[in-house]
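Chemist: Structure, please.
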Amino acid sequence: MAGSQIERAFNLLERLTTDPRGLPMQTLADELNIPKSATHRMLAELIRLGYVRQNQENSRYQLSTRLVAIAFRYLASSGADIVQPILDRLAGETGELVRLGVIEGDRLTWIVKSQGARSGLRYDPDMGRDAPLFYTASGHAWLASLSDAEALSLVERQGVGDPANFGPNAPRSNIELLERLRLARAHGYAWVVESSSVGMSALAAVVRDPRSDKAIGVLSVAGPTARLPVERMHEVAPLLLETVAELSAASQASEFFV
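Modeler: Numbers count the residues shown, from 1 in each chain. This next block holds a predicted model:
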């Protein structure tokens, strides 16, 4: 992976976010195609700056809490006080996990959540990761806001991933994906049942900039299929769409969407 020194450093940081147990230097060098000597120098500098630490027991490199602290400071000053109560209300009304993803370029990244389930099975995946576009409700909602050609191009750029990791009802072809997008456009929201994983369902709709009508984010509700079958998702959809409209209006006062 070619690039400037700063690009390589950020690639190292991003790779370290995917494994909290840490990674060996050789693995980082091999996966990112960075010479081992350069990898060692950058890791040493990141350790000096406080962004990375080395586990003395196994010599693996791990992220420190400094990036987390920076992220929380950003969230504290970026409109979370506006967005979070809106998500909390929808989570309370639905009793399920509510997530907001922000669109930046070719990426849809989940950044804020509210958990409505207080007991029983809880679906609560890690935040801060990009939503897979091919088989998630959030991905389908965003793709449905585009033309078919734009949607397929975006999926191709992200990559489909390994079908072995999909749920049993994930699209198996671009034709199946486009049919899902057609239904999402007709209803104003997307929904999936056991598409991203076994036993889980979700529905999602795009948040739009009220000035340009451009899609700037995606709001989703997700939970166990036992509590969130198709019929229940269609019952929840009006609440989702009302909340999306509220978020769209609030977006002008939130740094999340700038």
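
Chemist: which is the next helix or strand following the worst-scoring helix or strand of the chain on mean pLDDT?
Modeler: Across the helices and strands of the chain, mean confidence by mean pLDDT, DSSP states H and E is lowest for helix 66-76: a mean of 69. The helix or strand immediately downstream of helix 66-76 is helix 80-94, counting by DSSP states H and E.

Chemist: Now do that next one: distance to the chain's middle.
Modeler: Here helix 80-94 is found 17 Å from its chain centre; the criterion is CA atoms, centre = their mean, to the nearest Å.

Chemist: can you name the farthest residue from the center of this structure?
Modeler: What lies farthest from the middle of the chain is residue 37; by CA atoms, centre = their mean that is 33.2 Å.

Chemist: Tell me how this protein divides into domains.
Modeler: 5-68, 78-257 (automatic domain parsing).

Chemist: most tightly surrounded among those?
Modeler: Highest mean neighbour count among those (mean count of other CB atoms under 10 Å): domain 78-257, with a mean of 18. Heads up, the C-betas are built off the backbone N, CA and C, glycines and all.

Chemist: Quick one: mean pLDDT over that one.
Modeler: For domain 78-257, mean pLDDT is 89.

Chemist: Next one: residue 129 from residue 99, what distance?
Modeler: Computed as CB to CB, to the nearest Å, the residue 129 to residue 99 distance reads 11 Å.

Chemist: quick one: common contacting residues for these two?
Modeler: Contact with both residue 129 and residue 99 is made by residues residue 110, according to CB atoms under 8 Å, 6 or more residues apart in numbering.

Chemist: list the helices and strands the strand or helix carrying residue 238 packs on?
Modeler: Taking DSSP H and E as the criterion, residue 238 maps to helix 230-250. Applying 3 or more CB pairs under 8 Å, 6 or more residues apart in numbering; DSSP states H and E, we find helix 230-250 packed against helix 80-94, strand 190-193, strand 200-208, strand 215-224.

Chemist: Those: which one's closest to residue 157?
Modeler: Ranking the helices and strands packed on helix 230-250 by proximity to residue 157 (CB to CB) places strand 215-224 first, at 16.5 Å.

Chemist: ok, that closest one: who's next to it in the sheet?
Modeler: Strand 215-224 has the following sheet partners, assigned by DSSP bridges: strand 97-104 (antiparallel), strand 200-208 (antiparallel).

Chemist: From the chain's centre, how far out is it? Work that out for me.
Modeler: Centroid displacement of strand 215-224 relative to its chain, using CA atoms, centre = their mean, is 9 Å.
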